[in-house]
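In: Need the 3D shape of this:
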Amino acid sequence: MKKVQSRRNFLTKSVLAAGAVSIIPRHVLGQGFTAPSDKINLGYIGLGKQGGILSNKFIHNTDAQIVAGSDVWKSKRKAFEGAVSGFYAEARGQSDYKGVKTYLEYQKLLDRKDIDAVVIATPDHWHALMAIDAMNAGKDVYCEKPLTNTVADGRAIVNAVEKNKSIFQTGSMQRSWDRFKKAQEIISSGKLGKISKVLVNVGNPAVPYDLPEEEMPNGLDWNLWCGPSPLLAYNSKVAPQVVDTYPDWRDYKETGGGILADWGAHMFDIAQWCLGMDNSGPVKFMPPEDPKAVRGLRMIYENGTEMVHEDFGRGWAVRFIGSEGILDVARGFLESLPLNIIYEEPFQNPSKMFNEQNNHYQNWLTAIKTRGETICPAETGHRSASVCNVANIAYWLGKDLDWDPVQEQFKGNAEANALLKRTDRIF
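Out: As a prediction, this is how the structure comes out:
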């Protein structure tokens, strides 16, 4: 057992470092392979670092089988095809297994009738088009967060889910972690009392794309990479051929939503969940007076609760301030003052209380089989992304904004409303 555990740790570290698909021996998988007729056939769109990590989440799950992939990089298509085919060949003892095929154009993947569901791990500006095309083609969808980088795109995804009766999971996986579930349980039960203020520390707002043009590498369809965004100058910082860190496309408004949105889709998402605002959002956004500030945005909910984008010294984290105490939560901790808000035994070791990562991915597969709800459906993902998208607009304009979360429009501000959608480029 010790030897197997060591192998698992090695595989996990390797995947996180390189975004690769792991080749896991048959004996690690254990018993109970699912019959082929019961497997969910998956196609992957976006085969870079995050696509590789998500491949590892699903590849050894016996409820699913990866059968196809799509990417604008030829090298990534080839690597994905070889790694996934190699895994299944080893797992099944078939050295000639050729059950995985990859495509430059994702629409060709969607044309396949044998694919039940797709995993989307592309830059944010592509999410809406790909997810909607997939659902219209009869596929269920797992889409990475932030769901979209415009409010209009998010609502379009929700509408497509309702139209197609699709099973949709947003990749805000913290909702499946015990630590965050405990925080939600405490706050929703009233143990923290009336919440007056929430502090959320995540990264900076998005900025306009300003990278210098570099020589175009071989094997990349840059026109397709840009897709519905403007045709940008190629730069390896946003689209590296070898992916060993997360690319910088997240920083730019054309392709992402800044780290405000990239991590906000985790941390604002937890705030929304704990406050019971999954179908709504703040009604007022008030940016700091300094137009260069990247923290200090205040957001007010209709019930008076204030949420502030603020660095309170604990990394990417959320602090809830209630009438009965304070609760801080992040990936590495869940703490409260007083201690007994969380712990019945004040000296209990909190590291032993929580399973770090419950299976967000199995939750989606189970929902596909039962046609039930996921823990982070499209409406939830859209609302959390909307907080980030509207926050970006408030920072960009430097003006107080009144937001109607029902109509999803700003009140009396045509300039801000114009930023809720994007005119897609024809490519």
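
In: Can you say which helix or strand has residue 182 in it?
Out: Taking DSSP states H and E as the definition, one finds residue 182 inside helix 178-189.

In: Report the distance from that helix to the chain centre.
Out: Remark: helix 178-189 is offset 20 Å from the chain centroid, using CA atoms, centre = their mean, to the nearest Å.

In: Could you shift the numbering so residue one becomes 266, and keep it that way?
Out: Got it, the first residue is 266 from now on, which makes the last one we talked about helix 443-454.

In: which strands and helices sit next to that helix?
Out: If contacts are counted by 3 or more CB pairs under 8 Å, 6 or more residues apart in numbering; DSSP states H and E, helix 443-454 sits against helix 523-539, strand 582-587, strand 590-595, strand 598-602. For the C-beta atoms, the positions are set from N, CA and C on the backbone; glycine is no exception.

In: For the last one, which strands pair with it and how are they oriented?
Out: Take DSSP bridges as the rule and strand 598-602 pairs in its sheet with strand 590-595 (antiparallel).

In: Averaged pLDDT, the partner strand. What do you get?
Out: Average pLDDT, strand 590-595: 98.

In: what's near enough to touch the closest residue to residue 441 other than its chain neighbours?
Out: Take residue 441 and drop its neighbours on the chain: the residue closest to it by CB to CB, 6 or more residues apart in numbering is residue 625, 3.9 Å away. Each residue near residue 625 by CB atoms under 8 Å, 6 or more residues apart in numbering is listed here: 434, 436, 438, 440-441, 640-641.

In: repeat for residue 667
Out: 548-549, 675-678.

In: ok so, going back, go through the contacts of residue 625 and say which is closest to residue 393.
Out: Nearest to residue 393, judged by CB to CB, of those is residue 436 at 14.7 Å.

In: Number of residues surrounding that closest one?
Out: Neighbourhood size, residue 436 [other CB atoms under 10 Å]: 24.

In: pretty sure it is touching residue 407, no?
Out: Yes: using CB atoms under 8 Å, residue 436 is in contact with residue 407, at 6.7 Å.

In: Domain map for the chain?
Out: For the chain, automatic domain parsing gives the domain ranges 267-438, 440-472+519-620+642-685.

In: For residue 505, which of those domains is the nearest?
Out: The nearest among the domains of the chain, by CB to CB, is domain 267-438 at 8.6 Å.

In: The closest one: how far from the chain's middle?
Out: Remark: domain 267-438 is offset 14 Å from the chain centroid, using CA atoms, centre = their mean.

In: quick check: mean pLDDT across it?
Out: 84.

In: how about stretch 479-492: buried residues?
Out: For stretch 479-492, burial by neighbour count (16 or more other CB atoms under 10 Å) applies to 485, 489-492.

In: same question, stretch 675-688
Out: Those would be 675, 678, 681-682, 684-685, 687, for stretch 675-688 by 16+ other CB under 10 Å.

In: With stretch 407-417 instead?
Out: Neighbour-count burial for stretch 407-417, with 16+ other CB under 10 Å as criterion, is recorded at 407-416.

In: can you list these in a markdown table and add secondary structure?
Out: Converted to a markdown table, the buried residues of stretch 407-417 look like this (DSSP: H, G, I helix; E, B strand; the rest coil):
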| residue | secondary structure |
| --- | --- |
| 407 | strand |
| 408 | strand |
| 409 | coil |
| 410 | coil |
| 411 | coil |
| 412 | coil |
| 413 | coil |
| 414 | coil |
| 415 | coil |
| 416 | helix |
